[in-house]
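Student: Sequence first, predicted model second:
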Amino acid sequence: MSHEKTASTFDGWARSGRAERLEAGHGDVARQVIERMDIRPGHRVLDLGCGVGWATRLLAARSAGVQAIGIDISPAMIDKAAELSDPQTRTRYEVGDLESLPFGDGELDRVFSMEALYYAHDLAQALSEIHRVLEPGGHADVVVDYYVGRSTTEVWADAVGLAMHHLDEAAWKAAFHAAGFGEVECTHVVDRRGPGAERDFKAGGTFPVWNAYRAYHEAGALWIHAQKA
Ligand SMILES: C[S@@+](CC[C@H](N)C(=O)[O-])C[C@H]1O[C@@H](n2cnc3c(N)ncnc32)[C@H](O)[C@@H]1O
């Protein structure tokens, strides 16, 4: 699977409006995690696989003088993020690759990523880059909806048409440790809005029946919090 194919797939999401709808699905979980990230005044924070940048803007607004940088492989996502950029926050967006981050060693205080890391072509290299750019004591907070053990996710890669890393919690932890992180904790974060009412459920996409959708909701997103020693 090439980087070009990944970029063109997500350029398509940006141009069709699908990318702008992602906040509706991921926003509540992302807010719960960002609120617990201990972002302090003046921190430099990276949003990896930022899409149209809604979480980048939330990160920048977390504390005074925070500089938030969004990186994404899709030029159309980055154009959209720049267009939606809020002049009240210190944000910038760049086309870039998870596996080769445009920062010096130890330049960043926090790294956040929502629903992007499992698309890495070389996951070990991406995690090693995150570890390299963090300062000692800094941490990465990575959220994935797609993990082994969560209802229906086993069919996602076919639905998206890209190769994706489908790992269970233990494998995610091991991958972060292998990249050099000391403390690694996993937490399941459930969307506080609930699954909605069964009578409003419509089968489709990757959710064939209500029970599968409810089980998906109840499992929650996997938040991996990894600290650089
Ligand atoms: C499901 S979207 C999530 C976007 C955003 N974080 C959100 O929650 O709205 C995944 C994003 O990861 C980006 N991405 C995938 N592979 C990447 C890579 N190798 N390097 C950088 N970005 C990548 C895609 O372009 C896309 O914008």
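Tutor: Done, it's in. Note that the coordinates shown come from a computational prediction; the quantities given were computed from them, not determined experimentally.
Student: Please count neighbours and contacts with C-alpha atoms only from this point.
Tutor: Will do.
Student: pLDDT score for the nearest residue to Ser8 once chain neighbours are set aside?
Tutor: Leaving aside its chain neighbours, Ser8 sits nearest to Ser74 (6.9 Å; criterion: C-alpha to C-alpha, 6 or more residues apart in numbering). Note for Ser74: predicted pLDDT of 98.
Student: so who does the residue most central in space within the chain touch?
Tutor: The residue lying closest to the centre of the chain (C-alpha atoms, centre = their mean) is Met114, at 1.5 Å. Applying C-alpha atoms under 8 Å, 6 or more residues apart in numbering to Met114 gives the contacts His26, Ala30, Leu48, Gly49, Cys50, Val142, Val143, Val144.
Student: quick one, phi psi at the third one?
Tutor: To tie it back to what came earlier, the one meant is Leu48. In terms of degrees, to the nearest 10, the main-chain angles of Leu48 are phi -90, psi 130.
Student: Touching, it and Ser74? I think so.
Tutor: No - here Leu48 does not reach Ser74: they are 11.8 Å apart, not a contact under C-alpha atoms under 8 Å.
Student: Need the residues that contact the helix or strand of the chain with the lowest mean pLDDT.
Tutor: Every helix and strand of the chain was ranked by mean pLDDT, DSSP states H and E. The lowest is helix 156-160, at a mean of 91. Defining contact as C-alpha under 8 Å, 6+ apart, one finds that helix 156-160 is touched by Tyr146, Ala163, Met164, Thr206.
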